[in-house]
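J.: Generate coordinates for the sequence data below:
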Amino acid sequence: MSASDPLLAVSDLSAVVEGFEVTHGLDLEVGHGEAVALVGRNGAGKTSTFRAIMGLTPVTSGSIRFKGEELLEIRPELIPRQGIGYQPENRDLFTGMTVEENFRLPIWTAGDSRGIEDEDAVVADIFDLFTELEDRRDAEVQNLSGGQGKMTAIGRALALRPELLILDEPLEGLAPVVVENLKRYIREIIDRDISVLVAESNASHVPELVDRMYVIERGEIVDSGDPESLAENEEIQLLMQGGGGG
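T.: A predicted model of the protein is given here:
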């Protein structure tokens, strides 16, 4: 793979959930060191796209290449070891375990494959980023606030020092002050030269975070380009306000 090739290239992707096609002919790319948003109303196909990238949604056609390697040929449990961190929409934390243990668990299970020799240094880096979690280090994750839970889920996704971080609705359902805090943390992650692919239902959340934006509707990319221009586009705003759920 040359330096000019995208880090992630999704091409002509079609995926199904329970027999229904949830993405159709979808194309998107994320470059090295780039931040990209996938925006669309609830039910438009954002989560299905991300789950397909992570091998968790069946793909019927297309290609998903990361660093030039075809992810469709890799077992789902091995995909994080390729250098992709994933924060799912539902957080999916390990309850009954502390914040720190949630950060350490990916390293315990797969750290060797990422060449991680200093587990304590990785965990310290995550707490240095999410300073608000420092005094919650020993709290069990089921006792966290919504914002703290999102931070913990993102921190866990950073534990294997990924080159690409996929964030599914990291700002959804949070108070405005928490949203601004999380935006600051995401900008710091981007400044650490980690590529980011973020899904959001609220297009106004992402223009200051990302370099490019894709708009998805009914499993297809319907527009892409400059985030600020797209976020202010009346047609896009109407589309984002459309019906749908799940």
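J.: Does residue 39 touch residue 206 like I think?
T.: Yes: using C-beta atoms under 8 Å, residue 39 makes contact with residue 206 at a distance of 6.5 Å. Any C-beta I mention is one placed from the backbone N, CA and C, and that applies to glycine too.
J.: Show me what the least confident helix or strand in the chain by mean pLDDT is in contact with.
T.: Least confident helix or strand, the chain: helix 234-240 with a mean of 85, by mean pLDDT, DSSP states H and E. In this structure, residues lying in contact with helix 234-240 by C-beta atoms under 8 Å, 6 or more residues apart in numbering are 39, 40, 41, 201, 202, 203, 215, 217, 222, 223, 230, 231.
J.: Send over it as CSV, restricted to the C-alpha atoms.
T.: Extracted C-alpha coordinates of helix 234-240, given in CSV (Å, rounded to 0.1, in the frame of the first residue of the first chain):
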residue,chain,number,x,y,z
GLU,A,234,-31.5,22.9,3.6
GLU,A,235,-32.1,19.6,1.6
ILE,A,236,-29.7,17.8,3.9
GLN,A,237,-31.3,19.3,7.0
LEU,A,238,-34.8,18.1,5.8
LEU,A,239,-33.4,14.7,5.1
MET,A,240,-31.9,14.4,8.5
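J.: roughly how far out does it sit from the chain middle?
T.: 23 Å (C-alpha atoms, centre = their mean, to the nearest Å).
J.: So which of the contacts of helix 234-240 are in helices?
T.: Within these, residues falling in helices by DSSP state H are 230, 231.
J.: just checking, which of the contacts of helix 234-240 belong to strands?
T.: Members of those lying in strands (criterion: DSSP state E): 39, 215, 217, 222, 223.
J.: beta partners of residue 69?
T.: residue 66 (DSSP bridges).
J.: Check whether it really touches residue 84, as I assumed.
T.: No: proximity of residue 69 to residue 84 does not meet the contact threshold set by C-beta under 8 Å, at 11.1 Å.
J.: out of these two, which sits in the busier spot?
T.: residue 84 (23 against 13; other C-beta atoms under 10 Å).
J.: Residue 154 should be in a helix, yeah?
T.: Yes: looking at residue 154 with DSSP: H, G, I helix; E, B strand; the rest coil, it is inside a helix.
J.: Make sure it is actually in contact with residue 167.
T.: Yes: the pair residue 154 / residue 167 is scored as a contact, 6.6 Å apart, by C-beta under 8 Å.
J.: Neighbour count: these two, which is higher?
T.: residue 167 (26 against 23).
J.: what's the pLDDT at the more buried one?
T.: On the pLDDT scale, residue 167 is placed at 98.
J.: hey, what's it bridged with?
T.: Under the criterion used (DSSP bridges), residue 167 bridges to residue 87, residue 198.
J.: Run through who's touching stretch 63-71.
T.: 1, 5, 7-13, 52-53, 55, 72, 79, 82-84, 163-164.
J.: And the residues you listed, which of them are buried?
T.: Buried subset of the contacts of stretch 63-71 (neighbour count, 16 or more other C-beta atoms under 10 Å): 7-10, 13, 52-53, 55, 79, 82-84, 163-164.
J.: Next, show the common contact partners of residue 39 and residue 206.
T.: With C-beta under 8 Å, 6+ apart, residue 39 and residue 206 have common neighbours 200, 213.
J.: Which one of these two is surrounded by more residues?
T.: Neighbour tally, residue 39 and residue 206, criterion other C-beta under 10 Å: the higher count belongs to residue 39, 29 against 24.
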